[in-house]
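Colleague: no sequence on this one, just coordinates:
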């Protein structure tokens, strides 16, 4: 026991650096995904504007060649995001977060309104997908729900931090219900033609083009919140290495470089669905499933832990490790395969 306690300070330092590194990778991965999402929707809106109608008819499956490469749209968004991340105050960012929530909820209401109409007979859908799809689903699900990087910053900025648990539980419950309903109804509506972003399945009419615009605006403002975590980890270290007169320049330079990094990664791998699964499998699973039970074990074992808690922590860590290994392998394997334009998250799939 004494030997274990003597190792804890050293282990704590290593764990702190590991968690910080994974937080940086995860949050920048989120930001990279946001780049792809906004570019996908912007490309579809721009290239279909000449055929957009007032009548909202279901999309027909066509394989078309985009007029402008999606990477051009990513570069178009880049300078606006750089200006956005120059805002450093989390309270100011919370205003943008409120705007993002309003636009997201409004667009989700319209999405639900559409996908609940004329749902085909679900008995024609397969009851179960292949195990390879389940591995990708694991990374996607973890990516969706993992938000540990924003927990402490948001709690610290609350006027009444003691109410954070209540807000967290109700917020997560609402998110779970929305995701389950949207995923289930969306798959029942579009079947195997469901895109990486369900907004790409919406009809080509002005009403649902506005939905894509609102959702993209919401994601645009959310980018700054996700970016806040890696910035708060990296920038203080960089500033400590330069003189005070260069602090502001170093701050803005690092912010610009990090945004450019997320843009470059999105340009190199413009596959929204696979990047989501990869980020979820690699880093989000470690932050959400592997490290927390491991820390609980080394901190409280054996005085304050019963057998049930120990077994629970071990099982959760094993599940996270298996999902991390096999989910990462499957996502990387799919990324090495030639792009099938009938399933890729490009705007050329539907018209």
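Modeller: The structure has been received and is ready for your questions. Quick caveat: nothing in here was measured; it's all calculated off a predicted structure. Numbers count the residues shown, from 1 in each chain.
Colleague: Show me what secondary structure element comes after the longest helix seen in the chain.
Modeller: Longest helix of the chain, by residue count under DSSP state H: helix 2-47. Next helix or strand after helix 2-47 toward the C-terminus (DSSP states H and E): helix 70-85.
Colleague: And for stretch 141-158, what's in contact with it?
Modeller: 23, 26-27, 29-30, 33, 90-91, 94, 161, 164, 167-168, 172, 175-176, 179, 225-226, 228-229, 232, 276-277, 279-281, 284-285, 287-289, 323 (CB atoms under 8 Å, 6 or more residues apart in numbering). C-beta here means a position set from N, CA and C on the backbone, and glycine is covered the same way.
Colleague: meant to ask about stretch 172-187
Modeller: With CB under 8 Å, 6+ apart as the test, stretch 172-187 has contacts from 108, 111-112, 115-116, 119, 125, 144-145, 194, 198, 201.
Colleague: Filter these down to the buried ones.
Modeller: 108, 111, 115, 194, 198, 201 (16 or more other CB atoms under 10 Å).
Colleague: Now do the buried residues in the least confident helix or strand in the chain by mean pLDDT.
Modeller: Lowest by mean pLDDT, DSSP states H and E among the helices and strands of the chain is helix 151-157, with a mean of 72. Going by neighbour count (16+ other CB under 10 Å), the buried part of helix 151-157 is residue 154.
Colleague: which parts of the helix or strand just after that helix are buried?
Modeller: Downstream of helix 151-157, the first helix or strand assigned by DSSP H and E is helix 164-190. By neighbour count on 16+ other CB under 10 Å, the buried set for helix 164-190 is 164, 183, 185-190.
Colleague: where do the helices sit along the stretch 101-250 of the chain?
Modeller: Ranges of helices in the stretch 101-250 of the chain, per DSSP state H, counting those that start in this stretch, are 131-145, 151-157, 164-190, 206-240, 247-268.
Colleague: So what's the model's average confidence on the last one?
Modeller: Put plainly, it is helix 247-268. Averaging pLDDT along helix 247-268 yields 94.
Colleague: what sits up against it?
Modeller: With CB under 8 Å, 6+ apart, helix 247-268 has contacts from 28, 31-36, 39, 71, 74-75, 77-78, 81-82, 85-86, 88, 227, 230-231, 234-235, 238-239, 241-242, 275.
Colleague: Select only the buried ones of these in PyMOL?
Modeller: Buried members of these, defined by 16+ other CB under 10 Å, are picked up in PyMOL with:
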select buried, resi 28+31+32+33+34+35+36+39+74+77+78+81+82+85+227+230+231+234+235+239+275
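Colleague: in stretch 297-307, what's buried?
Modeller: Result for stretch 297-307 [16+ other CB under 10 Å]: buried residues residue 297.
Colleague: centre of the chain versus stretch 80-87, how much separation?
Modeller: Between the centre of stretch 80-87 and the centre of its chain there are 19 Å (CA atoms, centre = their mean, to the nearest Å).
Colleague: Ok, stretch 174-190 next?
Modeller: 17 Å.
Colleague: what does stretch 27-40 give?
Modeller: 7 Å.
Colleague: same thing with stretch 76-89?
Modeller: Chain-centre distance of stretch 76-89: 18 Å, with CA atoms, centre = their mean.
Colleague: avg pLDDT for it?
Modeller: Stretch 76-89 shows a mean pLDDT of 91.
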